[in-house]
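**Q** here is a sequence with its predicted model. Questions after.
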Amino acid sequence: MLKEEHEVAVLGVPHNPDPPTSTVIHIRSETSMPDHVVWSLFNTLFMNSCCLGFIAFTYSVKSRDTKMVGDLTGAQAYASTAKCLNIWSLI
């Protein structure tokens, strides 16, 4: 008989009076909110009239960062501003 088998045989089955505990992890569903980064980058590189494309790109990156932090209302506000600036840049 091996030493480990002997220890298990001597100790027996462990008696734990506590019920088993469980861990619950809540994962937020990923909301599909556009941040207009690609559109802003396009306007920055090709149609950068009055630097509106670059400003829109800045707001798009702020929107993406704010969304990653979890502030969805702030991200939506930045995305809305970026969208308006992109529209004005195209016009």
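**A** Now that the structure is in, tell me what you want to look at.
**Q** give me the phi and psi for the most centrally placed residue in the chain.
**A** Residue closest to the mean C-alpha point of the chain, counted by CA atoms, centre = their mean, is residue 68 at 3.8 Å. When read as degrees, to the nearest 10, the backbone of residue 68 gives phi -70, psi -30.
**Q** how much space between it and residue 35?
**A** Distance of residue 68 to residue 35, computed by CB to CB, to the nearest Å: 10 Å. (Each C-beta comes from the backbone N, C-alpha and C, glycine too.)
**Q** how about residue 73?
**A** Counting by CB to CB, the gap from residue 73 to residue 35 is 14 Å.
**Q** neighbour-wise, which of the two wins?
**A** Counted by other CB atoms under 10 Å, residue 73 and residue 35 do not tie: residue 35 has more neighbours, with 23 against 7.
**Q** contacts only, for that one.
**A** Taking CB atoms under 8 Å, 6 or more residues apart in numbering, we find residue 35 in contact with 60, 63, 64, 67, 75, 78, 79, 82.
**Q** how about a cut-off of 7 Å?
**A** 60, 63, 64, 67, 79 (CB atoms under 7 Å, 6 or more residues apart in numbering).
**Q** over to residue 76?
**A** Applying CB under 7 Å, 6+ apart, we find residue 76 in contact with residue 33.
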